[in-house]
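> Fold the following.
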Amino acid sequence: MNHEQADLILMDTEEHMEKSLHVLVKDFAQVRTGRANPALLDHIKIDYYGAESPVRQISSVSVVEGNQLYIKPYDKSALKPIETAIYASDLGLNPVNDGMGIRLILPQPTEERRRELVKEVEKLAEHAKVSVRNIRRDGNDHIKKLSLPEDDEIGYLADVQELTDTYVKKVDEELKLKSDELLKI
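Numbering: from 1, shown residues only. Just a heads-up that it's a prediction; the model follows:
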């Protein structure tokens, strides 16, 4: 019975580590590069018929020419609220309303700004690593509480460490990809 519980703890630990990685990737998508990415709009919501609705749910968002997003609401009455929400957001972009949709032009960040963004993503990656290590600690604590034979416990703890190493490596890989993307002109 204890081995089944230990296996479940391992699966649960891996699932939590995967979620941490998923959150990191989602956070990275929010970091603005010079290229247009519809995920930039994920956190922008408007009051749409009394409900807080994400812009991407009430409109189609397409990438135009690599550095522009075009937001075309399914309901034209949402144009003005979307424009207002973008102005109020932390994106720092000026929406251009053409009566049918909204165009967002993403300027190329300066060299200094790109370096700042790399530092931001490094912080996000470090938070993800801390999260993975906290999950490791919790997994280890749960396994130690099972009172397994010493050899079995050492084996399971080694499995948790192996998962940790794998996910820390995945975080580093994601960080490298995002940093490289940010530093490209």
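> for the protein, which spans come out with low pLDDT?
Screening the chain residue by residue with the criterion pLDDT under 70, one finds the ranges 1, 32-34, 185.
> Quick one: residues contacting residue 70.
61-64, 101-104 (CB atoms under 8 Å, 6 or more residues apart in numbering). In this view, the C-beta of every residue, glycine as well, is placed from N, C-alpha and C.
> Among those, which are located in helices?
Using DSSP state H, no member of the contacts of residue 70 falls in helices.
> Buried ones among those?
Listed as buried from the contacts of residue 70 are 61, 101-104; burial here means 16 or more other CB atoms under 10 Å.
> List just the nearest of those to residue 145.
Nearest to residue 145 out of these is residue 61 (CB to CB; 47.9 Å).
> In the sheet, which residues pair with that closest one? Tell me.
residue 71 (DSSP bridges).
> can I assume it is in contact with residue 39?
No - taking CB atoms under 8 Å as the definition, residue 61 is not a contact partner of residue 39, at 9.4 Å.
> who's sitting farthest from the centroid in this protein?
Farthest-out residue of the chain from its mean C-alpha position, per CA atoms, centre = their mean: residue 149, at 39.9 Å.
> That one and residue 35, how far apart?
The gap separating residue 149 from residue 35 is 54 Å, by CB to CB, to the nearest Å.
> ditto for residue 85
22 Å.
> and what of residue 156?
In terms of CB to CB, residue 156 sits 44 Å off from residue 35.
> which one of these two has more residues nearby?
residue 156 (23 against 14; other CB atoms under 10 Å).
> Check the contact between the more buried one and residue 150; I expect there is one.
No - at 11.0 Å, residue 156 does not count as touching residue 150 under the criterion of CB under 8 Å.
> starting at the chain centroid, how far to stretch 74-93?
22 Å (CA atoms, centre = their mean, to the nearest Å).
> my bad, should have said stretch 108-127
Centroid separation for stretch 108-127 versus its chain: 14 Å, with CA atoms, centre = their mean.
> Which residues are in contact with the residue most central in space within the chain?
Relative to the mean C-alpha position of the chain, the nearest C-alpha, by CA atoms, centre = their mean, is the one of residue 26, at 1.5 Å. Neighbouring residues of residue 26 by CB under 8 Å, 6+ apart: 39, 42.
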